[in-house]
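Trainee: Have a look at this prediction, sequence included:
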Amino acid sequence: MVKTRDEANPQNAVYVILAGTFLSLALLSLLFDTPAGILQGLERIVTDPDYLITDYMGVGGVGAAFVNSGLVSLLFIGLLRCLRVQATGITIAAIWTVAGFSFFGKNLLNVWFIVAGVWLYARYRKEPFSRFVYAALFGTALAPLVTQILFGFNLPLAFRISLAVLAGLSIGFVLPPLGTAMMRFHQGFNLYNIGFVSGLVGSVYLSLFRSYGFIPASRLIWTTGQNKVLAPLFILFFAWQFLIGFLLNGRRFTGLSAIMGYTGRVVTDFLLLEGLGPTLMNMALGGIGSILYILAIGGDINGPTLAGVFTVVGFSAFGKHPRNMAPIVAGVVLGGLTKVWGLSDPPIQLAALFATTLAPVAGEFGIFWGIVAGFLHSSLVLNVGALHGGFNLYNNGFSGGAVAAVLVPVIEAIRSGRESDGS
Amino acid sequence: MVHEHERVVRMVSELQNFLFSMGAMEIHSEIRETPECFFISIKGNTRGNICRKLDKLRKLLRMPRQADMEEELWLLAGSVDYDTELSLVGMMTDSAEIRCDGEAGVVEIELLRKK
């Protein structure tokens, strides 16, 4: 059986749907602001420090945040098309993740330095850039570090530019080999692998900064009061996506139940395994479920939580589904009932959404271990941010990698002990 | 592509894990390298007729070659005895053939990986 590139995967349809989605997002900005207001907002988004937690809706306004997210995503979709990258589940995950984090931390300026670093690495290895392009997309998690150097340091402009270029290029250069190596650390049970890598790299850079006297101030720009507009808007957005998936699937739900049967551990590519229609429906369910969760706990629909929602949606093409996410979220909720914080505290709202990076733990080992993973994650994620000073936007990926690395060998040991006992 | 030999070894390991999980008691592996490609052949003798259980394997090995994904993920292949890396093996190969003789209890898997 010789395989062809397009055997299982309607390439154009995937890219058209992605481009249409994020073009719509950019155009929706006009519901919230005038073009002039959006431009002014974009300028503030690009020049303000944007390490965790910086809500671009609070920095530049809702309209500018929508345009930033839409345009950054469209530019990356264009990049993938230019490189002739075959669309798969991870393509969808990468684009939606970039789109989400373009509501809090990634912008039209700061992402390119790291992308260029990955490109340099590909040149150094004499291999096509396309082989490392996902490390480039996900690696933009450290983009706030570039912004901080460019606009947050009190140094001569030429020095700041040189230092930002050097930092961005060097981060991009080291990410691909680290991404490969660190996958073994958590054995594919943490879906945000580059988040874990970025946490390590960010910690190294922040240590260097601290050695020269830079101590990042804690930051929380978190907008509230937009649930009545944003929640129905995005529920409609995802309902529309579900409908497209349903129609593409021949007006059937076939494939959706098959998706719920996968463990979700890397590599579980729903687009390649079950096709575009069921994948779109699963993504939509993830999006609607996430929005309803935030509303149910009295949280806020804003830039950071939309990043969480979009990441759930994206990775619902590459490992997540309601069945393996629910126990993880239940673990975070259990933490909310027993620990010193509340479920509607901003970092915990984010933790519940992003903790689903550990969905494969629930998928592989069952509901109980999924709850344990979510419970542990909700504590760990509040402590690891100090290591990288909030410069790694995928703080939950960093924490999730550590939880998976600690938990999975223990679960395996307990399981194999039971098997050898014959129980 | 660096670590080419290690990648092939991990693919073989993944398939050996699979055959063990299917109850194979005897496994023979063969790798042949040419300047253009690798041929991998794995044969397992099982204790019963497992031909009906191979549908999932066929589905996963039918994955199109994905050089873009392979770069970050290949180290997962052959690392533990979960079966989800079979799709990764599929993404690392250009063609795959599976033969099963139920009566004799023999499964043969042949893969081709271009360099």
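Mentor: Alright, I've got the coordinates.
Trainee: use CA for all of it now, contacts and neighbours both
Mentor: OK.
Trainee: quick one: A:F159 is in a strand?
Mentor: No. Applying DSSP: H, G, I helix; E, B strand; the rest coil, one finds A:F159 to be helix, outside a strand.
Trainee: Check what pLDDT it gets.
Mentor: A:F159 is assigned a predicted lDDT (pLDDT) of 94.
Trainee: do you know how far it is from chain B?
Mentor: 34 Å (CA to the nearest CA, to the nearest Å).
Trainee: who are the neighbours in contact with that residue?
Mentor: A:F159 sits next to no residue when contact means CA atoms under 8 Å, 6 or more residues apart in numbering or on different chains.
Trainee: And the residue of the stretch 201-350 of chain A that's closest to chain B?
Mentor: A:V267 (6.3 Å; CA to the nearest CA).
Trainee: Please list all residues in contact with that residue.
Mentor: Residues in contact with A:V267 (CA under 8 Å, 6+ apart) are A:G188, A:F318, A:G319, B:L73, B:T84, B:E85, B:S87, B:L88.
Trainee: What count of nearby residues applies to the nearest residue to the first one once chain neighbours are set aside?
Mentor: Counting by CA to CA, 6 or more residues apart in numbering or on different chains, the nearest residue to A:G188 once its immediate chain neighbours are dropped is A:V266, at 4.9 Å. If you count neighbours by other CA atoms under 10 Å in any protein chain shown, A:V266 ends up with 23.
Trainee: Quick check: A:V266 touching A:L191?
Mentor: Yes. A:V266 sits in contact with A:L191 when judged by CA atoms under 8 Å, with a separation of 6.7 Å.
Trainee: which neighbours do the two share?
Mentor: Joint contacts of A:V266 and A:L191 (CA under 8 Å, 6+ apart) are A:G319, A:P360.
Trainee: Next, count neighbours for A:I17.
Mentor: 14.
Trainee: For the one residue sitting closest to the centre of chain B, list the residues it contacts.
Mentor: Of all residues in chain B, the one closest to the mean position by CA atoms, centre = their mean is B:L15, 4.0 Å from it. By CA under 8 Å, 6+ apart, B:L15 lies in contact with B:I42, B:G78, B:L86.
Trainee: May I ask which helix or strand encompasses the last one?
Mentor: What that stands for is B:L86. Using DSSP states H and E, B:L86 sits within helix B:86-91.
Trainee: Could I get the buried residue list for the helix or strand just after that helix?
Mentor: For helix B:86-91, the succeeding helix or strand toward the C-terminus, using DSSP H and E, is strand B:95-101. Across strand B:95-101, burial judged by 16 or more other CA atoms under 10 Å in any protein chain shown covers B:S95, B:A96, B:I98, B:C100.
Trainee: Same check on stretch A:161-168?
Mentor: Within stretch A:161-168, the residues that count as buried by 16+ other CA under 10 Å are A:I161, A:A164, A:V165, A:L166, A:A167, A:G168.
Trainee: Any buried residues in the helix or strand of chain A with the lowest mean pLDDT, and which?
Mentor: Scoring the helices and strands of chain A by mean pLDDT, DSSP states H and E places helix A:395-421 at the bottom, with a mean of 88. Within helix A:395-421, the residues that count as buried by 16+ other CA under 10 Å are A:395-405, A:407-408.
Trainee: mind putting the buried residues of strand B:95-101 in CSV, pLDDT and distance to A:V118 included?
Mentor: Listed next are these as CSV, based on pLDDT from 0 to 100; distance: CA to CA, whole Å:
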residue, pLDDT, distance to A:V118
B:S95, 93, 30
B:A96, 93, 32
B:I98, 93, 38
B:C100, 92, 44
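Trainee: is it fair to say B:I31 lies in a strand?
Mentor: Yes. Under three-state DSSP, B:I31 sits within a strand.
Trainee: Now for it: which residues touch it?
Mentor: Going by CA under 8 Å, 6+ apart, the list of residues near B:I31 reads B:F38, B:F39, B:I40, B:S41.
Trainee: what about the residue in chain B sticking out farthest from the centre, helix or strand, and which?
Mentor: When each C-alpha in chain B is compared with the mean C-alpha position (CA atoms, centre = their mean), B:E103 comes out farthest, at 22.2 Å. For B:E103, there is no host helix or strand (DSSP H and E).
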